[in-house]
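>>> Generate a structure from the sequence data that follows.
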Amino acid sequence: MNTKPQFSENVESHHERLDIDDHREVYIIGDVHGSRATLEKLLAELDPSDNDLLVFVGDLVRKGPDSPGVIDLVRNDDRLVSVRGNNEQKIVRGDKHPNWLRSGDRAYFESLPVVISFDDALVAHGGVDPDRPLDTHTAEELLTMRSPAGEGYDGPFWYDDYDGPYRVFFGHTVHEGPMELEYAVGLDTGCVYGGKLTAYDYQNGEFITVEQTTTHQQRDDSKVVSIA
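So this is what the prediction gives:
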């Protein structure tokens, strides 16, 4: 198919379409949440070349110990790009005012696209509603989608009934391990909660994970989705 997805005017202004033909490898990386040391460990494992591309699913910041360090690492490397997560959005809206926030950080978050697309893939922090066309989604829905017809972590989840045509790479909903379906790939594996940080090798269809050595926050088991 390889066709550019159609979004509403509101979302299209925050949509970045990438041409990945010139990149040797493309990796899509799950929620980092300020865990710079773990991100550095993953990057060392990936060992990206100068023409590789690394795409983050958002929630670079908050909850972990070094949000500024993660911002600087991603922002200062042209190979690294990210969509906006709901935690960046909370800062953009002014709902959260973390004490680590520096001049220019909020503007950087606001500059992040809500959705990135390439080939027949979409990268969005939350996901999509399987019962509605893409062009009816708001930016906020793409940031926070989890259970459009249910109750949050009680499900059912949006990806349970989603059948494309685009393959969506997402974070936001914490899974006990990487989650791969035909049209949905879940990459939030609870790094900041003592889980793992996960990347997906797009060209080879493989997951790469590294262990988090420190649990920065506790999370109830009911807020972690089993992949069994």
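>>> CA only for contacts and neighbour counts going forward, please
Noted.
>>> Do a quick rundown of the strands in this protein.
15-17, 26-29, 53-56, 80-82, 115-118, 121-124, 167-170, 179-180, 184-186, 196-201, 206-211 (DSSP state E).
>>> For these, please prepare CSV with the additional fields distance to residue 136.
Formatted as CSV, the strands of the chain follow (distance: least, Cα to Cα, whole Å):
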stretch, distance to residue 136
strand 15-17, 14
strand 26-29, 25
strand 53-56, 24
strand 80-82, 23
strand 115-118, 14
strand 121-124, 15
strand 167-170, 16
strand 179-180, 25
strand 184-186, 19
strand 196-201, 28
strand 206-211, 32
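>>> got these as CSV, with mean neighbour count and distance to residue 70 columns?
Listed next are the strands of the chain as CSV, based on neighbours: other Cα atoms under 10 Å; distance: least, Cα to Cα, whole Å:
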stretch, mean neighbour count, distance to residue 70
strand 15-17, 18, 21
strand 26-29, 24, 13
strand 53-56, 23, 11
strand 80-82, 20, 11
strand 115-118, 23, 20
strand 121-124, 26, 19
strand 167-170, 26, 19
strand 179-180, 18, 24
strand 184-186, 23, 21
strand 196-201, 25, 13
strand 206-211, 16, 16
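>>> Those: which one's closest to residue 99?
Minimum separation from residue 99 across the strands of the chain (Cα to Cα) falls at strand 80-82, 22.5 Å.
>>> what packs against the closest one?
strand 53-56, helix 67-75 (3 or more Cα pairs under 8 Å, 6 or more residues apart in numbering; DSSP states H and E).
>>> Taking the centroid of the chain, which residue is nearest it?
Centroid-nearest residue in the chain, with Cα atoms, centre = their mean: residue 57, separated by 1.5 Å.
>>> if I look at that one, how far off is residue 85?
Distance, residue 57 to residue 85, by Cα to Cα, to the nearest Å: 7 Å.
>>> For the closest residue in space to residue 16 that isn't next to it in sequence, report the pLDDT, please.
Spatial nearest neighbour of residue 16, excluding adjacent residues (Cα to Cα, 6 or more residues apart in numbering): residue 116 at 4.8 Å. The model reports residue 116 with a pLDDT of 98.
>>> so who does residue 116 touch?
Listed by Cα atoms under 8 Å, 6 or more residues apart in numbering, the contact partners of residue 116 are 15-18, 83, 122-124.
>>> end to end, how far does stretch 71-90 reach?
OK, stretch 71-90 end separation, Cα to Cα: 16 Å.
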